[in-house]
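S.K.: Here's a sequence, model it:
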Amino acid sequence: MDAGPIVAQELLEIDENDSATTLLPALFEMRTALLVDALPNVIEGEITIKTATAQDEALVTKAGMLDFSEGWLWPHDTTAVQCHNRVRRFSMWPGTFLYFQIGDNDAKKPTKVKVIELRVLPDTAEPTDVIKIGPKKGDGLRLVCGDGSVLELTKVQPAMDAKSFLNRLRGKKVRWVGPTNPIGPPWL
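M.R.: Residues are numbered from 1 along each chain as shown. Sure thing, here's the model as predicted:
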């Protein structure tokens with residue numbers, strides 16, 4: 001949490017695809033420039049705790065410690081936009097992931113797949129757990145969320161484009177799977 005009086009501040013516009021990974025360097029550069037500009041005034045005594053701007057405590061947001069499980073995507077009960085924002089938020093740590101059931105053998109342990117890049121498609125579809133490749137060359141893996149909104153996974157880990165991942169499966173059906181209870185999946 002960031003607290004205390006404000007010596008300097010600047011607004012940074014972000015777009016819908018900026019992530020923690022892309023914002024951290026931009027914020028570091030911005031903060032460094034603000035510090036270099038303000039430091040002479042602090043040293044000269046022109047800026048003090050009393051002259052700095054007090055933060056509005058009503059606008060403070062407190063955040064608890066992150067846990068790796070917060071990176072788990074839950075497409076069955078979240079929208080494509082919510083999943084997209086989770087990937088943006090946790091791009092550095094803990095990362096985001098899904099579990100894929102590959103093939104028709106439900107007794108086989110699901111595969112954990114890290115989601116590195118994705119995009120929200122304007123399409124809607126009937127909710128399903130089956131993942132398919134998009135119809136055009138260069139399309140990624142299409143995943144339909146519980147509300148019918150559609151995500152396209154464009155890069156998964158191991159680092160490869162989504163089509164290469166699907167090609168390695170040799171035609172096997174791929175489904176995303178989630179837990180049957182709120183504590184976690186039975187295979188963990």
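
S.K.: C-alpha only now, for contacts and for neighbours.
M.R.: OK.

S.K.: So what touches stretch 6-26?
M.R.: By CA atoms under 8 Å, 6 or more residues apart in numbering, the list of residues contacting stretch 6-26 from outside reads 30, 34-35, 38, 47, 52-55, 87-92.

S.K.: how does it look with 10 Å?
M.R.: By CA atoms under 10 Å, 6 or more residues apart in numbering, the residues outside stretch 6-26 that reach it are 27, 29-32, 34-35, 37-39, 41-42, 47-49, 51-55, 81, 84-93, 117-119.

S.K.: so how far is residue 43 from residue 52?
M.R.: Remark: distance between residue 52 and residue 43 (CA to CA, to the nearest Å) = 14 Å.

S.K.: Those two: which is more packed in?
M.R.: Each of residue 52 and residue 43 has its neighbours counted (other CA atoms under 10 Å); residue 52 has more, 14 against 10.

S.K.: Contacts only, for the more buried one.
M.R.: Counting by CA under 10 Å, 6+ apart, residue 52 makes contact with 4-8, 46.

S.K.: Just the buried ones among the contacts of stretch 6-26, please.
M.R.: 47, 81, 84-91, 117-119 (16 or more other CA atoms under 10 Å).

S.K.: In helices only, show me these.
M.R.: 81, 84-89 (DSSP state H).

S.K.: out of these, who's nearest residue 148?
M.R.: residue 81 (11.5 Å; CA to CA).

S.K.: ok, now which ones touch that closest one?
M.R.: By CA under 10 Å, 6+ apart, the neighbours of residue 81 are 16, 87, 119-121, 145, 149-151.

S.K.: how far away is it from residue 6?
M.R.: Residue 81 sits 33 Å away from residue 6, going by CA to CA.

S.K.: Please read off the pLDDT at the residue of the chain most remote from its centre from the model.
M.R.: Relative to the centre of the chain, the most outlying C-alpha is that of residue 44, 42.9 Å out, by CA atoms, centre = their mean. We have a pLDDT of 95 for residue 44.

S.K.: Equivalent analysis for residue 137, please.
M.R.: The predicted local confidence for residue 137 is 88.

S.K.: Let me know the helix or strand that it is in.
M.R.: Per DSSP states H and E: residue 137 is located in neither a helix nor a strand.

S.K.: what residues are up against it?
M.R.: residue 163.

S.K.: if I look at it, how far off is residue 119?
M.R.: Distance, residue 137 to residue 119, by CA to CA: 16 Å.
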